[in-house]
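1. I would like the atomic coordinates for the input below:
(one chain, ligands or ions: 3)
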Amino acid sequence: MKKRVLVTGGAGFLGSHLCERLLNDGHEVICVDNFFTGSKENVAHLLSNPYFELIRHDVTFPLYLEIDEIFNLACPASPVHYQHDPVQTTKTSVHGAINMLGLAKRVKARIFQASTSEVYGDPEVHPQPESYWGRVNPIGFRSCYDEGKRCAETLFFDYHRQHDLNIKVARIFNTYGPRMHPNDGRVVSNFIVQALRGEPITIYGEGNQTRSFCYVDDLIEGFIRLMNTERGFTGPVNLGNPGEFTMLELAKKVIELTGSKSELTFKPLPEDDPKQRQPDITLAKEKLGWEPTVKLEEGLQKTIDYFAETLINSNV
Ligand code: NAD
Ligand code: UDP
Ligand code: UDP
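-> Ligands and ions are numbered 1, 2, ... in the order given. Predicted structure coming up:
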């Protein structure tokens, strides 16, 4: 059945892939974005599609539309961006959630929240199941993002309990792929751009901290499956790739795949940087029949190809 789907943050990295996927599945897509970190280029290839609409709007302000489903992705995701204006980051998560939940309530739409593994903070349980409550600093530099997302989850569950909203909450772990921002400081884009330019690869700390990286196409498949679960299933559900790598291992893989002559350089570890992060995806496997299929090398190669092309075209 053809649905009219609202994607907030649709001009960002994940949002643009989601809009593309929804159009391919035969739906009508309304993409709402204030272009803080997203760009028109990310969705330029969709603009000629008559079933795609792009609206410049900040989700901290009310929005009146008639839609069937909402994917709420609006929020800067990388530390450089979300710490640029921390108050706005919290407002985006909290006021944005309230407005989108108010909208979902009025039109009886199903609503999906892009939450994050950051709700687990610097975890003392490893890997992290959804039942783990997290260890988050409420007053640190990352708090605007972590606590904003935690409060958004609270709002989703209260609208569900109080107003019977059909909610779906995904806790997304580090995801990478084409259309990541070249300058947003995230580790995969940093390492690839540095390797392609032959610049030193910046390892923060000793590089023994771990992350698990999910390729964007796998993640989007998880979004769609979660949105289509039966009404009673709310999540939260972890979506990520359990393959765990240290930053040193990642740097070596990127150097190998790019054939770069870049050396490693060591920089101080940022404050509150989690030491370890790996999703427990038992619930996603059971409820969504989902698990990632793209291997790190394969996904890195596609991302490297994208950056190689973008860097040549933009001459940066
Ligand atoms: P992104 O920065 O590329 O996309 C976020 C989009 O939201 C951008 O297009 C930005 O312009 C838009 N936006 C920001 N504030 C807004 C506002 N007030 N009103 C309207 N639009 C606004 O980041 P992404 O990686 O695509 O992340 C998308 C969502 O997924 C975010 O909510 C993020 O927290 C979540 N997430 C991403 C990851 C990841 O690894 N990429 C991990 C966990 C969670
Ligand atoms: N809202 C919106 N679009 C709508 C309906 C509501 O943006 O179609 C906003 C509205 O501005 C309100 C918020 O969502 O501030 C929460 O709505 P809700 O109905 O839950 O609360 P109330 O209107 O009673 O404050
Ligand atoms: N990191 C790094 N070099 C970089 C950028 C990041 O070593 O140039 C490290 C960072 O300290 C963190 C990990 O890589 O331990 C992942 O960082 P990212 O910002 O991508 O994601 P997050 O910390 O939000 O998981």
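2. anything in stretch 244-262 near ligand 3?
-> Yes: contact of stretch 244-262 with ligand 3 (C-beta under 6 Å from any ligand atom) involves M247. C-beta here means a position set from N, CA and C on the backbone, and glycine is covered the same way.
3. Now that stretch: buried residues?
-> 244-248, 250-252, 254-255, 257-258, 260, 262 (16 or more other C-beta atoms under 10 Å).
4. Pull that stretch out as CSV, backbone CA atoms only.
-> Extracted in CSV, the C-alpha atoms of stretch 244-262 (Å, rounded to 0.1, in the frame of the first residue of the first chain):
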residue,chain,number,x,y,z
GLU,A,244,34.0,-5.0,16.9
PHE,A,245,37.2,-3.3,15.9
THR,A,246,39.8,-1.1,17.6
MET,A,247,40.6,2.3,16.0
LEU,A,248,44.1,1.0,15.2
GLU,A,249,42.6,-1.9,13.3
LEU,A,250,40.3,0.4,11.5
ALA,A,251,43.2,2.7,10.5
LYS,A,252,45.2,-0.2,9.2
LYS,A,253,42.2,-1.5,7.1
VAL,A,254,41.7,2.0,5.6
ILE,A,255,45.4,2.4,4.7
GLU,A,256,45.4,-1.1,3.2
LEU,A,257,42.2,-0.5,1.0
THR,A,258,43.3,3.0,-0.1
GLY,A,259,46.9,1.9,-0.7
SER,A,260,47.8,5.1,1.1
LYS,A,261,51.3,6.1,2.4
SER,A,262,49.7,7.9,5.4
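5. from this structure, which residue is nearest to ligand 2?
-> Across the chain, the shortest distance to ligand 2 (C-beta to the nearest ligand atom) belongs to G102, at 1.9 Å.
6. show me the contacts for that residue.
-> By C-beta atoms under 8 Å, 6 or more residues apart in numbering, G102 lies in contact with P62.
7. switch the cut-off to 6 Å
-> Contact criterion C-beta atoms under 6 Å, 6 or more residues apart in numbering gives no residues in contact with G102.
8. do the same with A11
-> For A11, counting by C-beta under 6 Å, 6+ apart, the contacting residues are D33, G38, N42, V43.
9. switch the cut-off to 10 Å
-> Counting by C-beta atoms under 10 Å, 6 or more residues apart in numbering, A11 touches 19, 31-44, 46, 54-56, 73-74, 179.
10. Good, wrapping up.
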